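# Any chance you can model this:
(one chain, ligands or ions: 1)
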Amino acid sequence: MDGYIDEIIKHSANACSRINNFSQDVLKTRGGRIGSGMGLLIEALWGYYMNIELTDQPIEIGWFPDHQYNDFVCLKKGEDWVPETGQGEVCRIEVKSMNSGADESKAHFDVLQKEIDPIDLLLVITWEWKKLDDHHFFPYINDHFIGLAHDIIKLRDSLHITRGGIFTDHTNCEEDCNCDIDECLYYGEPLNSSSKRERITGPPKTRPSEKVAYAANFGGLLRMIKTSSEDSRNKFREIRKSNLTAHNYISFIHRNFAAEELNQFTKEEWLVVAKSYEVNFDNSLSKQEIYTIVKSNPDYQERLKNLL
Ligand SMILES: [Zn+2]
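Okay, here's the model as predicted:
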């Protein structure tokens, strides 16, 4: 299976390049606005172009009939597929897209660990409206992340806990679900630091208010890697160092949302990395100036991981 997973990851970048070529030819438009639904179209195109990429491979991408159409499955060619049992499947793929120009993405990755398999993948695409000529724009994929979803779940959930969040189990569940005997019905549901549920499927007694059914901050693609305390900063670094998928995800988000990366570290920390390139680096520069210089080194995110 691992070999197939590697093939999917390997071909994804090419699929994105193919989408960009298609997009420039066919999806060019006057104007171009956020909230246009273009993200969903790009997500679907990934499936089609992956199948062109995988022409010579024994696997192909399919769609889930019972899920949202943008949830993909990787299947073995020529074998029957039974979604209920997973027969014929290599893995499942959750797809999210973000517009680089939007302040905070609406996309959330809030699936629970128990809901997906250890070999399932998460794909996140960032795109923007790119100028084609004086009058036309086209949606352009500037970057993408693909990796094992469980690794991102571990990163997300560990940081959730350092923010004072918890996960429902039989020791804290207040619902009438007999969970002192059987496994809790709401097992693994995230509650925030105010003990309110983050997903609509969380314990009903923990809904934030009469009007608000659930908090919906959990799994925000940018928000989930933000850190606010020493505890969460330490956890962030520990996981970034020890898990390559987590490092790749953090690097991907920070590459595309520079303000997030700048704020993740203190000026002193940016100086540590700057001085690793140049021992006599000018201390009097501003944090932003230091960041801009550090960022000009292609390997700076490796150093952020290794030095901080
Ligand atoms: Zn329970």
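# avg pLDDT for the helix or strand containing residue 124?
Counting by DSSP states H and E, the element that carries residue 124 is strand 121-131. Across strand 121-131, pLDDT averages out at 94.
# go on, stretch 3-17?
The average pLDDT within stretch 3-17 is 95.
# Show me the strands paired with the very next helix or strand once past the strand holding residue 124, marking each as parallel or antiparallel.
As assigned by DSSP H and E, the chain's next helix or strand after strand 121-131 is strand 136-148. Paired strands of strand 136-148, with direction, are strand 29-30 (antiparallel), strand 121-131 (antiparallel) (DSSP bridges).
# Check the ones you listed for me and report the most buried one.
strand 121-131 (a mean of 22; mean count of other Cβ atoms under 10 Å). In short, each C-beta sits where N, CA and C put it, glycine included.
# got the CA coordinates for that strand in CSV?
Extracted in CSV, the C-alpha atoms of strand 121-131 (Å, rounded to 0.1, in the frame of the first residue of the first chain):
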residue,chain,number,x,y,z
LEU,A,121,-4.5,11.3,2.9
LEU,A,122,-5.2,15.0,3.3
LEU,A,123,-4.8,17.3,0.3
VAL,A,124,-4.8,21.1,0.7
ILE,A,125,-4.6,23.4,-2.4
THR,A,126,-4.0,27.2,-2.2
TRP,A,127,-5.0,29.2,-5.3
GLU,A,128,-5.4,32.8,-6.4
TRP,A,129,-6.8,34.8,-9.2
LYS,A,130,-3.8,35.5,-11.5
LYS,A,131,-3.7,38.2,-14.1
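# Figure out how far that strand is from the centre of its chain.
Offset of strand 121-131 from its chain centre (Cα atoms, centre = their mean, to the nearest Å): 11 Å.
# Next: stretch 280-300.
The chain centroid and the centroid of stretch 280-300 are separated by 27 Å, computed with Cα atoms, centre = their mean.
# tell me the mean pLDDT over it?
96.
# what's the distance between the residue nearest to residue 150 when sequence neighbours are not counted and residue 248?
Nearest non-adjacent residue to residue 150, counting by Cβ to Cβ, 6 or more residues apart in numbering: residue 118, 5.1 Å away. From residue 118 across to residue 248, the span is 17 Å (Cβ to Cβ, to the nearest Å).
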